[in-house]
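A.B. asks: I'll drop the sequence and a predicted model, then ask my questions.
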Amino acid sequence: MKRQNRKFEKFDAFELFSAYTSKYSINIQDEVSLNTFLKEIRKSIEGSQKTPITIHGKRIEMLFAYVAGALGSVKLVKQEDAGNLFTANLDIEMPDYRIILNNNEQILVEVKSFNSKDPHKKFELQKKYFSKLKNYADLMNLKLYISVYFRLFNHWVLLPIEAFSDENDKYTIDFIHAIARSEMSKIGDCMLATTPDIEIRILTDEENAPQLPNNSNKIPFLPKKIEILCNEKILKTDFEIQLALYFMRYSSWSENIHELIIENNKVYGVRFVYSGEKHDGQLFAHLGWRSSMISEFFKTLTIKDDKVIATESFLNPSEFSIQIPEDYSEKYNDLPLWIFFTLPNYEKMKKVNKF
């Protein structure tokens, strides 16, 4: 999916200026009006810069659009809560996004973020606020979903209101039930797994392999080739290599080995090994959710030193993920993949004391 580029600095800026002059009944062609407008906009932006919740909220809202666009099951992602809206005395609120799926089904999505390390702590949605969103969705004759990003778990869910518990003046749900009832598979999300480990080796040859020095900590090294391995098999196809590198960088696996390759007192290279937890009798280890990997990629572009430096990217959403063809297992053998699509489960969940 590609981002449709438009000259926002020209059209959006002028639209905002037009709305400002109309609201305060001032001349749109008056230079004084322009100076007043710029002063007010500067004040507003400076206020937002000093309000972390505003910056983080906008970043998460934009992140969802990239996640939906990168997963590959969506034709269109459009910001819904933008532009003028005229209503006949209706109490409504526009959701964040309108999404058209590959099967032409349309849905509306309101995006929220929740920051808690406790999987039992409940996310809350006020009924009064939801009612306004629902009124808009009913007018459009579309189903409304709430997408919650559990930021500290780096996990997305997509939920209809039926997934929530009804508690007085609010709807609530905890992380565990949100995972069980999520419909993220509707927009293409899934969990991936492969056989550990994934390894990258940077190697030289016999002629250039340096001898380990006795009296120095400096070793001259001339790289000659790079090998990428999965479960000790060297990957030969460009696509499998691309996937392996993506998983090393953005999956839930971690680097647990970083060491020199030494034979007969000569340095032949360096190896980096990435591993995931594999249970006894299990062939594979989970790499994590595709949506989480996309979010991790997005994080590298928008977060620095735990601070938001940007709320969006001008990369195309398709650049944040790698689409896996349906006939993958028929074409590729050295990097096996297990793909899990989860369906919503509304059965009562057993209480988990440890997470």
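C.D. replies: Received, thanks.

A.B. asks: residue contacts, Ile107?
C.D. replies: Arg98, Ile99, Leu101, Leu142, Lys143, Leu144, Tyr145, Lys186 (C-beta atoms under 8 Å, 6 or more residues apart in numbering). For glycine as for every other residue, the C-beta is placed from the backbone atoms N, C-alpha and C.

A.B. asks: restricted to strands, list those.
C.D. replies: With DSSP state E as the criterion, strands contain Arg98, Ile99, Leu101, Lys143, Leu144, Tyr145 from among these.

A.B. asks: I'd like the contacts of Ile107 written out as JSON lines, with neighbour count and distance to Asp305 added.
C.D. replies: Below are these laid out as JSON lines (neighbours: other C-beta atoms under 10 Å; distance: C-beta to C-beta, whole Å):
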{"residue": "Arg98", "neighbour count": "18", "distance to Asp305": "35"}
{"residue": "Ile99", "neighbour count": "26", "distance to Asp305": "33"}
{"residue": "Leu101", "neighbour count": "16", "distance to Asp305": "38"}
{"residue": "Leu142", "neighbour count": "17", "distance to Asp305": "40"}
{"residue": "Lys143", "neighbour count": "14", "distance to Asp305": "40"}
{"residue": "Leu144", "neighbour count": "19", "distance to Asp305": "37"}
{"residue": "Tyr145", "neighbour count": "25", "distance to Asp305": "34"}
{"residue": "Lys186", "neighbour count": "19", "distance to Asp305": "36"}
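
A.B. asks: helices along the protein, start to end?
C.D. replies: In the chain, the helices defined using DSSP state H lie at 8-23, 31-49, 52-70, 127-140, 175-181, 238-250, 290-302, 328-331.

A.B. asks: next, the angle strand 97-101 makes with the third one.
C.D. replies: Between helix 52-70 and strand 97-101, the angle comes out at 10 degrees (axes from the mean of the first three to the mean of the last three C-alpha atoms, to 10 degrees).

A.B. asks: against Ala178, how distant is the residue nearest in space to the middle of the chain?
C.D. replies: Centroid check for the chain by C-alpha atoms, centre = their mean gives Ser295 as the closest residue, at 2.4 Å. Noted for Ser295: a distance of 16 Å to Ala178, by C-beta to C-beta, to the nearest Å.

A.B. asks: what's the burial count for the closest residue to Lys233 other than its chain neighbours?
C.D. replies: Nearest in space to Lys233, with sequence neighbours left out and distances taken as C-beta to C-beta, 6 or more residues apart in numbering, is Asp334 at 4.6 Å. By the measure other C-beta atoms under 10 Å, the count of residues near Asp334 is 17.

A.B. asks: now for the nearest residue to Ser33 once chain neighbours are set aside, how many residues are close by?
C.D. replies: Among residues not flanking Ser33 along the chain, Ile26 sits closest, at 4.6 Å (C-beta to C-beta, 6+ apart). Using other C-beta under 10 Å, Ile26 is surrounded by 14 other residues.

A.B. asks: for stretch 101-117, list every residue counted as buried.
C.D. replies: Leu101, Ile107, Leu108, Val109, Glu110, Val111, Lys112, Ser113, Phe114 (16 or more other C-beta atoms under 10 Å).

A.B. asks: just the endpoints, please. Distance across that stretch?
C.D. replies: Terminal residues of stretch 101-117 are spaced 32 Å apart (C-alpha to C-alpha, to the nearest Å).

A.B. asks: relative to the whole chain's centre, how far out is it?
C.D. replies: Chain-centre distance of stretch 101-117: 12 Å, with C-alpha atoms, centre = their mean, to the nearest Å.

A.B. asks: same check, this time on stretch 333-352
C.D. replies: On C-alpha atoms, centre = their mean, the centre of stretch 333-352 falls 19 Å from the chain's centre.
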